[in-house]
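Novice: quick one: sequence and predicted model below, then my questions.
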Amino acid sequence: MLTQGVRNALFRSLAGLYLPVRAALGPVPVGWYGHQDAHWVAHIDAIRQTVTPRLSREREFAEWSALTRSAGWWWPGEHRCVLVDRPVILRTEPVPGAWHEEIRPVHIAYADGWSVTPAA
């Protein structure tokens with residue numbers, strides 16, 4: 001199915017962005033959300049715009065979508081939520097031979113000066 005191929009390509013591209021950061025940070029909690037959720041948010045939004053115009057949980061989807069567009073990672077807690085800014089520098093390059101224009105990161109940097117350059 002075409003939409004599944006596009007969804008998987010989006011996931012692989014975005015995994016290429018957050019996996020190097022997670023690896024550079026060492027042992028940190030993995031129960032995070034944020035812009036790496038964009039692959040499934042984009043997939044659901046494409047279905048919403050072309051096949052099913054109304055979701056059963058439209059308000060919740062709109063809130064999750066807005067958070068994914070405007071924030072970096074976030075960790076929800078019972079009484080607090082940690083929210084991280086998006087990177088200020090995100091350099092990418094195309095993945096050779098990819099079917100759906102996948103990308104991979106070559107450099108990621110944050111406003112506080114922390115950065116990571118993933119191994120090729």
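Specialist: Perfect, I can see it now. Numbers count the residues shown, from 1 in each chain.
Novice: where does residue 50 land on pLDDT?
Specialist: You'll see residue 50 listed with a pLDDT of 81.
Novice: show me where the protein has its helices.
Specialist: 2-25, 38-50, 58-70 (DSSP state H).
Novice: any idea which of those scores lowest on pLDDT?
Specialist: Ranked by mean pLDDT, those bottom out at helix 2-25, which scores a mean of 67.
Novice: show the pLDDT at the residue of the chain positioned farthest from its centre.
Specialist: Distance from the centre of the chain peaks at residue 79, with 24.5 Å (CA atoms, centre = their mean). On pLDDT, residue 79 comes in at 80.
Novice: how much space separates it from residue 85?
Specialist: Going from residue 79 to residue 85 by CB to CB, to the nearest Å gives 22 Å. (Glycine included, C-beta is placed from N, CA and C.)
Novice: correct me if wrong: residue 73 contacts residue 84.
Specialist: Yes - between residue 73 and residue 84 there is a contact at 4.7 Å, judged by CB atoms under 8 Å.
Novice: and those two? which has more neighbours close in?
Specialist: Counting neighbours by other CB atoms under 10 Å for residue 73 and for residue 84 shows that residue 73 has the greater number, 19 against 15.
Novice: per-residue pLDDT of that one, please?
Specialist: On the pLDDT scale, residue 73 gets 77.
Novice: ok, it to residue 67 distance?
Specialist: Distance of residue 73 to residue 67, given as CB to CB: 11 Å.
Novice: got the buried residues for stretch 82-91?
Specialist: Within stretch 82-91, the residues scored as buried using 16 or more other CB atoms under 10 Å are residue 87.
Novice: likewise stretch 66-77?
Specialist: Within stretch 66-77, the residues scored as buried using 16+ other CB under 10 Å are 67, 68, 72, 73, 74, 75.
Novice: how close does the fifth one sit to residue 37?
Specialist: Using CB to CB, we find residue 74 at a distance of 10 Å from residue 37.
Novice: what does the last one give?
Specialist: Per CB to CB, residue 75 is found 13 Å from residue 37.
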